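**Q** What shape does this take:
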Amino acid sequence: MVEIPMTDEECRLAMKSLKARIDKYASLVVRQGAAVQPGQELVVTAPIEAAAFTREVVEQGYAAGAGHVTVIWNDDELSRLEYESCPLDYFEQTPSWKREQLNSLAKTGACFLWLDGSDPDALKGIDPAKPAAASRSRNATCSVWRHGMDFGENAWSIAGVPLEAWSRKVFPDLSAAEAQLRLWEAILDVSRVDGEDPAEAWETHDAAFEKNKRILNERHFDSLHYVSSNGTDLTIGMTDAHIWEGGSASTVSGTKFFPNIPTEEVFTSPDRMRAEGVVHSAMPLVHAGSTVRDFWFRFHEGAVVDYGAEQGREVLRHILETDENAVRLGECALISKNTPIRESGLLFYSTLYDENASCHLALGTGFPDCYEGGCAMDEDALLVHGVNHSHTHVDFMIGADDLSISGVTAAGEEIPVFVHGQWAWE
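**A** Numbering: from 1, shown residues only. Just a heads-up that it's a prediction; the model follows:
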């Protein structure tokens, strides 16, 4: 049956009918995502094209009791102009005003919300060394801000908002208006904003993580062995006191928040020195406005020693050259293929969504809360215990439909964890 395209007027009316759900979504990302507390500063980073939705988020912030809401705007076109026009050495230093802005907000206890929306091809043709340098410098010099999120001092969340170019990338055969409508519908669906009370739905969803975390934490595997027909054959060692997390997180002061909306993953930080074998991507990686396709990494003694890609190899090179620890793993995450995002059949061209459709790994920094007592340790102590530290963290998807994962005990026994892309106990 051929789908009949919608007129722009039909799209306008359909968007009007979505308003109640969009309002609930705005409340969800503020109250459950960033978990703003009475009197607290809420910092919202948003694309300027999404100004209308950002205003709704700010309104919800004040309604939730925020003492003040700061908005930091970004724009794909301005970013591209900056990368085209400024030399590489400009991006190797973060301006003092930006350091002061982020560090001071974190130091005073703000919570942070990123409204994630961008053109996946925004920086196509731009030297990937420039955005890599900007990211590396920001994470290194905005140290109070970075530490606050990594060590549970500041609540934070990332949630999506559709933009025209992004919508057209996901739905290339639709008009701009219909593509944006369909992306809004998809985001609301996978974010579980489809009932009377999304907050209650997220509490139920959060509880569903407990079984998988409990099984993994009780079995306390020494390593995980990944195999799929695309060539993946990789063994990743676990730290001696690793903890599997997933769903909500908590600050050291006890505030519960959801770092990602949506989220479907159970994850931990592996031993940075123990990864052997080859892993192949299952989905494209969109990083800093560039797309990497059909890529692979070979690991030895925990480090990437070789890699390749059909498209975007230079992007991978700049990720791996961020610093000396960018070649090591900071995360391994397990996600069944039986999730709303995977079942939607959509490729979102956004790590926020695509990583929650597929088991994934991450190069770069690990998570202190994934090691017993880790939030009370400094970075050097965590390194000694095997938790990686880097100025980057880049997720890449490896969850092919036939992916099998075995948990290997200290005695060498292999126990199925994933079979054909889903939990062995599903």
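**Q** Can you name the residues that contact residue 276?
**A** When contacts are counted by CB atoms under 8 Å, 6 or more residues apart in numbering, residue 276 touches 234, 235, 299, 300, 301. (C-beta placed from N, C-alpha, C; glycine too.)
**Q** helices or strands up against the helix or strand harbouring the second one?
**A** What it means is residue 235. Using DSSP states H and E, the element containing residue 235 is strand 233-237. In terms of contacts (3 or more CB pairs under 8 Å, 6 or more residues apart in numbering; DSSP states H and E), strand 233-237 is packed against strand 223-227, strand 275-280.
**Q** That one to strand 223-227, inter-axis angle?
**A** Interaxial angle of strand 233-237 relative to strand 223-227 (axes from the mean of the first three to the mean of the last three CA atoms, to 10 degrees): 170 degrees.
**Q** What pairs with strand 233-237, parallel or antiparallel?
**A** strand 223-227 (antiparallel), strand 275-280 (antiparallel) (DSSP bridges).
**Q** Restrict it to CA atoms and write it as PDB.
**A** Coordinates of each C-alpha in strand 233-237 appear next as PDB, following Å, rounded to 0.1, in the frame of the first residue of the first chain:
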ATOM      1  CA  ASP A 233      35.400 -11.900  18.200                       C
ATOM      2  CA  LEU A 234      36.400  -9.900  21.200                       C
ATOM      3  CA  THR A 235      37.000 -10.600  24.900                       C
ATOM      4  CA  ILE A 236      36.700  -7.800  27.400                       C
ATOM      5  CA  GLY A 237      38.000  -8.100  31.000                       C
END
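**Q** Which residues does it contact?
**A** Contacts of strand 233-237 (CB under 8 Å, 6+ apart): 222-227, 270-271, 273-279, 299, 302, 329, 332, 361, 408.
**Q** Buried only: go through those residues for me.
**A** Listed as buried from those are 222-227, 270-271, 274-279, 299, 302, 329, 332, 361, 408; burial here means 16 or more other CB atoms under 10 Å.
**Q** from memory residue 171 sits against residue 184, does it?
**A** No. With contacts counted by CB atoms under 8 Å, residue 171 stays clear of residue 184, the gap being 11.1 Å.
**Q** and these two? which has more neighbours close in?
**A** residue 184 (21 against 18; other CB atoms under 10 Å).
**Q** Relative to residue 85, how far out is the more buried one?
**A** Separation of residue 184 from residue 85 (CB to CB, to the nearest Å): 33 Å.
**Q** Show the pLDDT at residue 338.
**A** Here, the pLDDT recorded for residue 338 equals 88.
**Q** and it, what does it touch?
**A** With CB under 8 Å, 6+ apart, residue 338 has these contacts: 422, 426.
**Q** Is it located within a helix, as I assumed?
**A** No. Using DSSP: H, G, I helix; E, B strand; the rest coil, the assignment for residue 338 is coil, not a helix.
**Q** Please identify the buried residues of the stretch of helix or strand residue 140 belongs to?
**A** Using DSSP H and E, the element containing residue 140 is helix 129-141. Buried residues in helix 129-141, counted by 16+ other CB under 10 Å: 129, 130, 131, 132, 133, 134, 135, 136, 137, 138, 139, 141.
**Q** hmm, back to that, average pLDDT across the strand holding residue 235?
**A** 98.
**Q** Same question for stretch 143-162.
**A** 96.
**Q** Convert that stretch to CSV, retaining C-alpha atoms only.
**A** Written as CSV, here are the backbone C-alpha positions of stretch 143-162 (Å, rounded to 0.1, in the frame of the first residue of the first chain):
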residue,chain,number,x,y,z
SER,A,143,37.5,20.5,34.9
VAL,A,144,35.0,21.4,37.7
TRP,A,145,32.1,21.0,35.2
ARG,A,146,33.5,17.6,33.9
HIS,A,147,34.3,16.3,37.4
GLY,A,148,30.8,17.3,38.7
MET,A,149,29.1,15.1,36.2
ASP,A,150,31.6,12.2,36.2
PHE,A,151,31.7,11.9,40.0
GLY,A,152,28.0,12.5,40.7
GLU,A,153,28.1,16.0,42.0
ASN,A,154,25.8,17.5,39.4
ALA,A,155,22.6,15.9,37.9
TRP,A,156,22.5,15.9,34.1
SER,A,157,20.4,14.6,31.2
ILE,A,158,20.4,14.5,27.4
ALA,A,159,17.1,14.4,25.5
GLY,A,160,16.3,14.9,21.8
VAL,A,161,14.5,17.6,20.0
PRO,A,162,13.8,17.4,16.2
